[in-house]
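Participant: A predicted structure for the sequence below; I have some questions about it.
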There are 2 protein chains.
Amino acid sequence: MIEKNGRVPAGGARPARSAASRGGRAEVLARRPGRSIMRDVAELAGVSAQTVSRVINGHPYVATDTRQRVLAAMRALDYQRNPAARALVTRRSGTLGIVGYESPLYGPTSMLYAIEGAARAAGYFVSVASVRHLDRRSVLDAVEWLRRQSVEGLIAIAPKTSMASALAQATAGLACVTVGGGCSDAIPSAQIDNAGGARLATRHLLDLGHATVHHVAGPSDWPEAGERVYGWRDALQAAGAPTPPVLPGDWSADAGYEQGKALARDRSVTAVFCASDQLALGVLRALHEAGRRVPDEVSVVGFDGTPDGGHYLPPLTSVRQDFAELGRSSLGLLLSQLDRVGDTPILRRDLLLPELVIRSSTAPVPGGDGPAEEVTPASPTPRD
Amino acid sequence: MIEKNGRVPAGGARPARSAASRGGRAEVLARRPGRSIMRDVAELAGVSAQTVSRVINGHPYVATDTRQRVLAAMRALDYQRNPAARALVTRRSGTLGIVGYESPLYGPTSMLYAIEGAARAAGYFVSVASVRHLDRRSVLDAVEWLRRQSVEGLIAIAPKTSMASALAQATAGLACVTVGGGCSDAIPSAQIDNAGGARLATRHLLDLGHATVHHVAGPSDWPEAGERVYGWRDALQAAGAPTPPVLPGDWSADAGYEQGKALARDRSVTAVFCASDQLALGVLRALHEAGRRVPDEVSVVGFDGTPDGGHYLPPLTSVRQDFAELGRSSLGLLLSQLDRVGDTPILRRDLLLPELVIRSSTAPVPGGDGPAEEVTPASPTPRD
DNA sequence: ATGGACGCCGAAAACGCTTTCGGCAATGCC
DNA sequence: GGCATTGCCGAAAGCGTTTTCGGCGTCCAT
């Protein structure tokens, strides 16, 4: 009754594993009672372990009834494959990493969840490492931490321009994608057409008859902020409108409030384009406190299209970006990198098109036509 | 020159591993060139592999100079321990799971990052699984997915009451903690004192002379929403004020707007306590559109203390909860569960104290004293 | 009959680490 | 001087999978 491999056939429920091996040493670690392993399934199904493996991995050349027996045994034992053992031999962890910027911003959060959902659908686990501050050290640490977990690739959410080199250095030899801000030419990225969105917003205001549009920008070291500035300036120049100085801030309502106060003092400003909805919220408040009515005296446009924006006072016209789609897109980019392991990465940029949602914070310019008359703001040049 | 274990001592840079084993079979999988393993380090340092292991794991009984040599070799080879191999033998993945509710809410997001930060400090990786809808099936799937990754424990963010059984069932035999909503007595949870916060808000309005306070609640199947209702009602009764019917919603500004429209029509309401800042945002808008001035005619209080709330029109008085601390607290709870593996879990509840931040959306009742006179709302009974 | 070709399955060797056991020197104690 | 103790280290087993190799039928074409 002794089998070839020296193991005693199941006399009782489950014989002490490995007790029959070389030195007859007692089992080293007590098995967690609830967990069964592949060999248990194999015994119950009357096959060998690697046949079980074949069934699990969908390999061909398994007879139909054998497959059924194995599947039944798996169900009966509530078998679950040990990912560590699998990872050890396949050299694949099946895990993707996300370095996320620790901010309560609407966008990054939406993307995080979208990425996870798409990753799970593709069979990948998702592990996060957050950075509180976007400095070099933090990013290096986060990527290092993810590496230690042997992630197969990673997505960096919302990196600043200055992090390009840090990220490139830290992710050497690792598939990497950035999202919402192409921070470097060396790393593929998924992002919306920021310049296009900014053009959309600016042109909308110009179309309403405003002589020019002021811009409260995002932090100057974020590529997304820079691109929006570019699009805004571009639309202004295309229409022959003067270009006021950029008012920089971070993305927050606090910053918007501060810049808004200055804007409110200047009676010549009739249109403001903000690089985020939160900035717009602050501007709206400053304008209101200064007694300037929106949209009667001043029009305001935001960027992001957050659900909250629809309930600002007044409801905010904004450039909506589809963060969920952005997240999915970035994952697609990463997966396509992983497919071509070894080859040179494809440096693709996914550009999503934003959409202008017009609500109540924008209106035609007060006097019927703009205060400036050297141009005809009512008929912009839609040159594209 | 043949060693006892049959391996050929390093003649060249790195001999084909396992080529000298039993059948002289060629190496099965090409090693990733960049990755060195423990044996490489051991050879370079002139010690055995398990001495390297001892150094890494900080075991005693390693001579100081040996340790130095090993550390130097590790640095030289840029050695990184293979987590899969380690997990396989230790039966510990070193990973914690988070099931997160896929919503752009401010709170859950802040907590997610706080948990990750604290977990990393404690040496744990964090893997997320998000659920789009809080139904039973989704939760079961998410937990199952995390299990497949063999997480050692998990934290469920913002579960509804109805998920109690699903969560309890799915996490059987797994350390689990909920945060921001004790959904079941069987699962420990970290949360703020919702009832206390609601009392704070309600009493504040009562103190301002309002005859009673209306309440726009969160979804009725969220325990947090229920507790806030309870605290609100409790404060009302303690002050002898009448208890208007609860106006339920979800947490969104949309819902707040809808309920706010009804509230605005009722001229008798002078004070509204909302279960979230976003609800308050919607209420504020509805009130404004109906021509009711805040805080002159109606006072509004929110809950959460989001940074945006400070820029609403008018800036919102709110009950601030420290989400980051909440996240850290929940992780602490989970870790203490893990320490006592096998024992019965300690069913602790961490209660954090919220804080009322008073801004401009609340003011004394219009007429100097409230429209109702059967009680003296100006002197509430602080009975606790 | 015979020889592939094909379908199905099992034996055994890794994967890279930790753990247990045991060995060897140096030291302390009686 | 013998013997236990202590500090340090190596050999070997084993964690639970996947992969490679090979074996055994069966079927079809010679």
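Facilitator: Done, it's in. Because the structure is a prediction, the values reported are computed rather than measured.
Participant: shouldn't A:R136 be in contact with A:A166?
Facilitator: Yes: counting by C-beta atoms under 8 Å, a contact exists between A:R136 and A:A166, whose distance comes to 4.4 Å. For glycine as for every other residue, the C-beta is placed from the backbone atoms N, C-alpha and C.
Participant: Compare the two (neighbour count), which wins?
Facilitator: In this comparison of A:R136 against A:A166, neighbours counted by other C-beta atoms under 10 Å in any protein chain shown, the higher total goes to A:A166 at 22 against 15.
Participant: which parts of the stretch 1-150 of chain A sit against chain B?
Facilitator: A:29, A:32, A:34, A:80-85, A:87-88, A:91, A:93, A:95, A:100, A:102, A:104, A:106, A:109-110, A:112-113, A:116-117, A:120, A:125-130, A:132, A:145, A:147-150 (C-beta under 8 Å from any C-beta of the partner chain).
Participant: Would you write a PyMOL line that selects the buried entries of those residues?
Facilitator: Applying 16 or more other C-beta atoms under 10 Å in any protein chain shown to the residues of the stretch 1-150 of chain A next to chain B leaves a buried subset, and the PyMOL line that selects it is:
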select buried, chain A and resi 81+82+83+84+85+87+88+93+95+100+102+104+106+109+110+112+113+116+117+120+125+126+127+128+129+130+145+147+149+150
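Participant: filter the residues of the stretch 1-150 of chain A next to chain B down to the ones near DNA strand C?
Facilitator: Restricting those to those adjacent to DNA strand C (criterion: C-beta under 7 Å from any atom of the strand) gives A:A85, A:L88, A:R91.
Participant: near DNA strand D too, which of these?
Facilitator: Checked against DNA strand D using C-beta under 7 Å from any atom of the strand, those give the following subset in range: A:A85, A:L88.
Participant: out of the ones next to DNA strand C among the residues of the stretch 1-150 of chain A next to chain B, who's nearest B:W222?
Facilitator: Nearest to B:W222 among these, counting by C-beta to C-beta, is A:A85 at 40.2 Å.
Participant: Who are the packing partners of whichever helix or strand that closest one is part of?
Facilitator: Using DSSP states H and E, A:A85 sits in helix A:83-90. With contacts defined as 3 or more C-beta pairs under 8 Å, 6 or more residues apart in numbering or on different chains; DSSP states H and E, helix A:83-90 has these neighbours: helix B:83-90.
Participant: Contacts only, for the nearest residue to A:Y230 once chain neighbours are set aside.
Facilitator: Ranked by C-beta to C-beta, 6 or more residues apart in numbering or on different chains and with sequence neighbours excluded, the top spatial neighbour of A:Y230 is A:A195, at 5.1 Å. Going by C-beta atoms under 8 Å, 6 or more residues apart in numbering or on different chains, A:A195 touches A:E227, A:R228, A:Y230, A:G231, A:D234.
Participant: quick one: which of the ones next to DNA strand C among the residues of the stretch 1-150 of chain A next to chain B is nearest DNA strand D?
Facilitator: In terms of C-beta to the nearest atom of the strand, no member of these lies closer to DNA strand D than A:A85, at 3.3 Å.
Participant: thought the closest one was touching B:L88?
Facilitator: Yes: in terms of C-beta under 8 Å, A:A85 counts as a neighbour of B:L88; the distance is 5.2 Å.
Participant: residue ranges with poor pLDDT in the stretch 1-150 of chain A?
Facilitator: Along the stretch 1-150 of chain A, the model assigns pLDDT under 70 to residues A:1-34.
Participant: Can you show me the strands along it?
Facilitator: Across the stretch 1-150 of chain A, reading from the start of the chain, the strands by DSSP state E, counting those that start in this stretch fall at A:95-101, A:125-131.
Participant: check whether the helix or strand where A:L356 lies contacts chain B.
Facilitator: Per DSSP H and E, A:L356 falls inside strand A:355-357. No: judged by C-beta under 8 Å from any C-beta, strand A:355-357 and chain B are separated, with a smallest distance of 14.8 Å.
Participant: could you say what helices and strands that strand packs with?
Facilitator: Using 3+ C-beta pairs under 8 Å, 6+ apart as the contact criterion, the elements in contact with strand A:355-357 are helix A:194-207, strand A:317-320.
Participant: Output those in CSV, with distance to A:A255 appended to each entry.
Facilitator: Formatted as CSV, the entries for those read as follows, by distance: least, C-beta to C-beta, whole Å:
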stretch, distance to A:A255
helix A:194-207, 18
strand A:317-320, 17
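Participant: how about the residues of the stretch 51-200 of chain A near DNA strand C?
Facilitator: Residues of the stretch 51-200 of chain A lying near DNA strand C (C-beta under 7 Å from any atom of the strand): A:T51, A:P60, A:Y61, A:V62, A:A63, A:T64, A:T66, A:R67, A:A85, A:L88, A:V89, A:R91.
Participant: Neighbours of the residue nearest to A:L316 when sequence neighbours are not counted, how many?
Facilitator: Across the structure, with C-beta to C-beta, 6+ apart as the measure, the residue nearest A:L316 apart from its sequence neighbours is A:G309 (4.0 Å). Neighbouring residues of A:G309 were enumerated by other C-beta under 10 Å; the total is 27.
Participant: with the ones next to DNA strand C among the residues of the stretch 1-150 of chain A next to chain B in mind, which one is nearest to B:G218?
Facilitator: Closest approach between these and B:G218, by C-beta to C-beta: A:A85, at 44.5 Å.
Participant: mind giving me the domain ranges of chain A?
Facilitator: A:92-192+A:324-352, A:194-321 (automatic domain parsing).
Participant: Regarding the longest one, how distant is the last residue from the first?
Facilitator: Yep, that's domain A:92-192+A:324-352 we're talking about. One end of domain A:92-192+A:324-352 to the other measures 31 Å (C-alpha to C-alpha, to the nearest Å).
Participant: ok, back up a step: which one among the ones next to DNA strand C among the residues of the stretch 1-150 of chain A next to chain B gets closest to DNA strand C?
Facilitator: Nearest to DNA strand C among those: A:L88, at 4.0 Å, using C-beta to the nearest atom of the strand.
Participant: quick one: that closest one and B:A84 touch, right?
Facilitator: Yes: counting by C-beta under 8 Å, A:L88 does reach B:A84; the two are 4.3 Å apart.
Participant: Cross-check the contact I'm expecting between A:S93 and A:Q149.
Facilitator: Yes: in this structure, A:S93 is within contact of A:Q149 by C-beta under 8 Å, at 7.1 Å.
Participant: Tell me the residues that contact both of the two, please.
Facilitator: Taking C-beta under 8 Å, 6+ apart as the criterion, A:S93 and A:Q149 both touch B:P83.
Participant: I'd like to know how many residues surround A:G249.
Facilitator: Number of residues near A:G249 (other C-beta under 10 Å) recorded here: 27.
Participant: if I pick it, what's in contact with it?
Facilitator: Applying C-beta under 8 Å, 6+ apart, one finds that A:G249 lies in contact with A:V216, A:A217, A:G218, A:P219, A:A255, A:G256, A:E258, A:Q259, A:A275, A:L279.
Participant: who does the host helix or strand of the first one touch, helix- and strand-wise?
Facilitator: Right, A:V216. Secondary structure from DSSP H and E places A:V216 in strand A:214-217. For strand A:214-217, the helices and strands in contact under the criterion 3+ C-beta pairs under 8 Å, 6+ apart are helix A:223-238, strand A:247-248, helix A:253-265, strand A:271-274, helix A:277-289.
Participant: Okay, helices next: where are they in the stretch 51-200 of chain A?
Facilitator: A:64-77, A:83-90, A:106-121, A:136-148, A:164-170, A:194-207 (DSSP state H, counting those that start in this stretch).
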